[in-house]
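> just the structure for this:
(one chain, ligands or ions: 2)
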Amino acid sequence: MTTILHETTADAVRLADLRRVYGTGPQAVTALDGVTVDFPAGTFTAVMGPSGSGKSTLLHCAAGLDRPTGGTVTIAGTDLGPLGERALTVLRRQRIGFVFQSFNLVAALTAEQNVGLPLKLAGRRPARADLVRALDEVGLADRAGHRPGELSGGQQQRVAIARALVTRPAVLFADEPTGALDTRASRDVLALLRGIVDRHGQTVIMVTHDPVAAAYADRVLFLADGRLVDEMTAPAPALTGARPGPGAGGPATGSRLGPEAIAARMAHLEAGA
Ligand SMILES: Nc1ncnc2c1ncn2[C@@H]1O[C@H](COP(=O)(O)OP(=O)(O)O)[C@@H](O)[C@H]1O
Ligand SMILES: [Mg+2]
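Ligands and ions are numbered 1, 2, ... in the order given. Predicted coordinates:
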């Protein structure tokens, strides 16, 4: 019994034989074709693959934003399949954080109000101290009163990350979180994601097409035509506590895998597609 409990809590997310078919008949598109993979709690996974390989579909199904056609999604031990819409919405609000390429902040609200939004939606009154702490965690405590239009892209994405984390979700999903950012702002966001995994044991699953971004992860999964076709794992897993020093794991601090090696695998994949 204990073993079973242990198993369900050790993986933040489990995908078993996940399938997603859009449409029916001759127009049907198989976006996910039987994906089975576990995401251990406290790890940072990057998902890569050619355009149209099913990355966003995988992320949306795993986050309960889209219903798979077949297979199961389990989040922190809860199978999403049997949940009705209302229960799924509650689970999403409590257990899942989602970060988008385009930030998706509410323009009329301040950074602090944006961060408090998920708590309000959950019927809780956000404590100011919690909101300021969440903004402090992303280095923006001094911008609490600023609206998105008064912040840079990188700052907006950091507010979005603070908002996604304020409910202390079991897993943070990010779909191309650096896709709209310049190199410098991208590095800040990636170092931030790496840091919340290392310091708080947060689980992060990030879709990216950028090998430099993927290099910050503990593991890179490669998708092609809706299937998992390859995987790379960092030599120093987060759980051992080993920390590569600056430059040890690649060109940027916090990098775990070699961007060149990741790029080579991607090139191989795209050549074969
Ligand atoms: N809503 C949809 N309706 C029909 N086909 C879709 C829809 N969303 C995605 N697809 C198709 O599913 C496949 C995977 O898409 P997607 O998950 O967005 O890939 P990626 O994020 O890797 O670029 C593609 O062939 C895409 O055209
Ligand atoms: Mg996509």
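
> what parts of the stretch 101-250 of the chain come near ligand 1?
The stretch 101-250 of the chain has no residues near ligand 1, with proximity defined as CB under 6 Å from any ligand atom. C-beta here means a position set from N, CA and C on the backbone, and glycine is covered the same way.

> repeat that with 8 Å
175, 207, 223, 226 (CB under 8 Å from any ligand atom).

> pLDDT value on the last one, please?
G226 carries a pLDDT value of 98.

> residues near it, how many?
Using other CB atoms under 10 Å, G226 is surrounded by 24 other residues.

> and the closest residue to it other than its chain neighbours, how many neighbours?
Spatial nearest neighbour of G226, chain neighbours left out: D33 (3.8 Å); criterion: CB to CB, 6 or more residues apart in numbering. D33 has 18 neighbouring residues, counting by other CB under 10 Å.

> with the one 3 residues further on instead?
Residues near T36, counting by other CB under 10 Å, number 12.

> for L58, see how far away it is.
12 Å (CB to CB, to the nearest Å).

> give me the subset of the residues of the stretch 101-250 of the chain next to ligand 1 touching ligand 2.
Among those, no residue is within reach of ligand 2 (CB under 5 Å from the ion).

> now do the strands in the stretch 151-273 of the chain.
171-175, 203-207, 219-224, 227-233 (DSSP state E, counting those that start in this stretch).

> can you list those strands in CSV and add mean neighbour count?
Below are the strands of the stretch 151-273 of the chain laid out as CSV (neighbours: other CB atoms under 10 Å):
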stretch, mean neighbour count
strand 171-175, 24
strand 203-207, 26
strand 219-224, 23
strand 227-233, 16
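
> picking that back up, JSON lines for the residues of the stretch 101-250 of the chain next to ligand 1, including distance to Q156?
Compiled in JSON lines, those are given as follows (distance: CB to CB, whole Å):
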{"residue": "D175", "distance to Q156": "15"}
{"residue": "V207", "distance to Q156": "19"}
{"residue": "L223", "distance to Q156": "28"}
{"residue": "G226", "distance to Q156": "32"}
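
> what's the burial count for the residue of the chain found nearest ligand 2?
Among the residues of the chain, S56 lies closest to ligand 2, at 3.2 Å counting by CB to the ion. Counted with other CB under 10 Å, residues neighbouring S56 total 18.

> check contacts around it.
Contacts for S56 were tallied using CB atoms under 8 Å, 6 or more residues apart in numbering; they are 175, 207.

> is ligand 1 contacted by the host helix or strand of it?
Assigned by DSSP states H and E, S56 falls within helix 55-62. Yes: contact of helix 55-62 with ligand 1 (CB under 8 Å from any ligand atom) involves 55-60.

> end-to-end on stretch 96-109?
22 Å (CA to CA, to the nearest Å).

> just the buried positions in stretch 55-68, please.
Residues 55-64, 66, 68 are the ones in stretch 55-68 that count as buried (16 or more other CB atoms under 10 Å).

> then stretch 147-162?
Going by neighbour count (16+ other CB under 10 Å), the buried part of stretch 147-162 is 147-148, 151, 153-162.

> show the average pLDDT along that stretch.
Here the average pLDDT along stretch 147-162 is 98.

> which residues sit against it?
With CB under 8 Å, 6+ apart, stretch 147-162 has contacts from 99-100, 103-111, 114-115, 134-135, 137-140, 143, 172, 177-178, 180-182, 184-186, 188-189, 192-193, 196.

> of those residues, buried ones?
Buried by 16+ other CB under 10 Å: 99-100, 103, 105, 110-111, 114-115, 134-135, 137-138, 140, 143, 172, 177-178, 180-181, 185-186, 188-189, 192-193, 196, out of these.
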